[in-house]
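Engineer: Provide a 3D model corresponding to the input given below.
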Amino acid sequence: MASSNTVFQICLVVNDVQKANANWARVLDRPEAAVEVIFSGGILHYTHGQPADYTDCQVAKYDLGAFVLELMQPGPGPSPWRDFLDRRGPGVFHFCVQVGDRKVFQQTLADIGVGLPYHVGYYPGGSYSYVETTDPLGLELSVNHRADHAQLMQDLLSGAALPFDELG
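Structural biologist: Just a heads-up that it's a prediction; the model follows:
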């Protein structure tokens, strides 16, 4: 695997981001992180190949130097985060890996028995995806890749492309 692949984020899904944020601030001996409503626009989301809209997630992030601790409170509607919370309760949702070459990394995952991601978000400067890797790795991965996705986003919106076409 290329040395450019690094874990840079750990995401915890929580029931109450305000409460978790206050508790983490005390544990980390830091001021509380700002809580933001995320995914309000600019990202094309697909879950299980279908377009999805997530506009009601709240997040607080702590930059801890070696990685970012993300506290995610999902909204009430269907989402990967809501599904996790409903099935498992609060906990570690994923480790996030920044990769230099998404195709090569996906092949690495395939080599250990992992299929394509079940969720992807495209934005002009890159993408992130969620890959079910609990069996081979012990937890789920989020795979982030920086790339110019402006044309891909236009192609997705016009129907000229499908999610994950860039991996083919």
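Engineer: tell me where this protein has helices.
Structural biologist: Assigned by DSSP state H, the helices in the chain fall at 17-28, 80-88, 102-111, 134-137, 150-158.
Engineer: how far off centre is the last one?
Structural biologist: With CA atoms, centre = their mean, to the nearest Å as the basis, the distance from the averaged C-alpha position of helix 150-158 to the chain average is 20 Å.
Engineer: list the contacts of H119.
Structural biologist: Each residue near H119 by CB atoms under 8 Å, 6 or more residues apart in numbering is listed here: 45-48, 52, 80, 129-130. In this view, the C-beta of every residue, glycine as well, is placed from N, C-alpha and C.
Engineer: which one in these is the model shakiest on?
Structural biologist: The lowest pLDDT within the contacts of H119 belongs to A52, with 84.
Engineer: so how many other residues sit close to it?
Structural biologist: Taking other CB atoms under 10 Å as the criterion, the count of residues near A52 is 18.
Engineer: what bridges to it?
Structural biologist: H45 (DSSP bridges).
Engineer: give the contact list for it.
Structural biologist: Under the criterion of CB under 8 Å, 6+ apart, the neighbours of A52 are 45-46, 78-79, 119.
Engineer: please apply the same query to A25.
Structural biologist: A25 neighbours (CB under 8 Å, 6+ apart): 31-33.
Engineer: closest to T6 out of the residues you listed?
Structural biologist: Checking the contacts of A25 against T6 with CB to CB, the nearest one is A33 at 21.7 Å.
Engineer: nearest residue to that closest one other than its sequence neighbours?
Structural biologist: In space, and not counting its chain neighbours, A33 is closest to A60: 4.0 Å by CB to CB, 6 or more residues apart in numbering.
Engineer: correct me if wrong: that neighbour contacts V37.
Structural biologist: No: counting by CB atoms under 8 Å, A60 sits too far from V37 to count as a contact (11.2 Å).
Engineer: closest to the centroid, which residue in this protein?
Structural biologist: S142 (4.7 Å; CA atoms, centre = their mean).
Engineer: that one and A22, how far apart?
Structural biologist: 25 Å (CB to CB, to the nearest Å).
Engineer: doesn't L141 make contact with I112?
Structural biologist: No: shown here, I112 and L141 do not form a contact pair, counting by CB under 8 Å, at 11.0 Å.
Engineer: of those two, which one has the most company?
Structural biologist: Per other CB under 10 Å, whichever of I112 and L141 has more neighbours is L141, with 23 against 10.
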